[in-house]
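1. here are the coordinates; sequence isn't available:
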């Protein structure tokens, strides 16, 4: 399988906040372009552009997706590459804001065929997206400066510890549900930088992402995981709700096949680490 996929520069142009008039124009332009180039495979899979499987993601979110040189690599990338391979296509990645991914706006506008962004399946998101079978169980981790005592959200709430979170994520939702007014950061990188610069004392983030951060000696020397928050979260890939059932079926098939033939385990250990026995039976 490819060691990564190229990222579309067009996605970067519309990633940041845009005045409403310009944003509307860009959305209409993207929709018109996609309609002109849209196609359907022999198997009934709808594509926004012929010959490629276009994926919306939000960078960076290692180990699920991040930039390495001129390519985008990660666990999600490799799994969607399996889908693309089965369909005889190449994966093309578009970097978008997580907010427009989770609401289904990008899929509805014809920006991409599939959303793969380390995205937790939630009832609210199911209203806007059609999710694949779960492909990853994710718990939250509390990462703090060494010396900070924060084993749980209750510890943080009862003390004067400042908590950081990534905006529009279930980690932030979990903090708010616990009654904590966390400081919100736009991206996981910004969240980590907030911890580095002392804007917050501890952050809540997906456990695999935190483990990726700690691979950097500069981070592991200063920060440590003080606790985990078990949420029962499961990640899923998503397509336009009601709009691409054949693609959704192809994604489910690729995930199940990878778990049966050992490919999933290899990718899990490559990007995440040792795989729990129960992970294959999900």
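-> Noted; the coordinates are in hand. If you're wondering where the values come from, they're calculated on a predicted model, not measured in any experiment. Numbers count the residues shown, from 1 in each chain.
2. pLDDT below threshold where in the protein?
-> 1-37, 277-282 (pLDDT under 70).
3. let's see 80
-> 1-37, 274-282 (pLDDT under 80).
4. what helices or strands is the longest strand belonging to the chain leaning on?
-> Taking DSSP state E as the criterion, the chain has its longest strand at strand 223-235. Contacts defined by 3 or more Cβ pairs under 8 Å, 6 or more residues apart in numbering; DSSP states H and E place strand 223-235 against strand 136-145, helix 170-177, helix 207-213. (Each C-beta comes from the backbone N, C-alpha and C, glycine too.)
5. and after the shortest one, which helix or strand comes next?
-> Next along the chain after helix 207-213, taking DSSP states H and E as the criterion, comes helix 217-220.
6. buried ones in that next one?
-> By neighbour count on 16 or more other Cβ atoms under 10 Å, the buried set for helix 217-220 is residue 219.
7. Ok, stretch 85-101 next?
-> Those would be 87, 89, 91-98, 100-101, for stretch 85-101 by 16+ other Cβ under 10 Å.
8. Compute the first-to-last residue distance for that stretch.
-> 23 Å (Cα to Cα, to the nearest Å).
9. again with stretch 79-98
-> By Cα to Cα, one end of stretch 79-98 lies 19 Å from the other end.
10. same deal with stretch 69-78?
-> With Cα to Cα, one end of stretch 69-78 sits 16 Å from the other.
11. ok, now stretch 76-94?
-> 13 Å.
12. just use 13 as the starting number from now, easier for me
-> All set: I'll call the first residue 13, so the last point we hit is now stretch 88-106.
13. hmm, back to that, how about the helices and strands packed on strand 235-247 in CSV, adding distance to residue 121 and mean neighbour count?
-> Below are these laid out as CSV (distance: least, Cβ to Cβ, whole Å; neighbours: other Cβ atoms under 10 Å):
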stretch, distance to residue 121, mean neighbour count
strand 148-157, 27, 22
helix 182-189, 24, 19
helix 219-225, 27, 22
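14. nearest to residue 272, of the ones you listed?
-> strand 148-157 (16.6 Å; Cβ to Cβ).
15. Show the contacting residues for residue 252.
-> Residues near residue 252 by Cβ atoms under 8 Å, 6 or more residues apart in numbering: 116, 119-120, 141-142.
16. Please disregard the earlier target; I meant residue 147.
-> 91, 247-249, 267, 294.
17. please redo it, this time with the cut-off set to 10 Å
-> For residue 147, the contacting residues are 87-88, 91, 128, 133, 246-249, 263-264, 266-268, 270-271, 276, 280, 291, 294, by Cβ atoms under 10 Å, 6 or more residues apart in numbering.
18. does residue 160 really touch residue 210, like I thought?
-> No - with contact defined as Cβ atoms under 10 Å, residue 160 and residue 210 do not form a contacting pair (11.2 Å).
19. neighbour count winner among the two?
-> residue 160 (20 against 9; other Cβ atoms under 10 Å).
20. Look up how far residue 238 lies from that one.
-> In this view, residue 160 and residue 238 are 7 Å apart by Cβ to Cβ, to the nearest Å.
21. quick one: which helix or strand includes residue 210?
-> Residue 210 belongs to no helix or strand, assigned by DSSP H and E.
22. Enumerate every residue touching it.
-> 157, 174.
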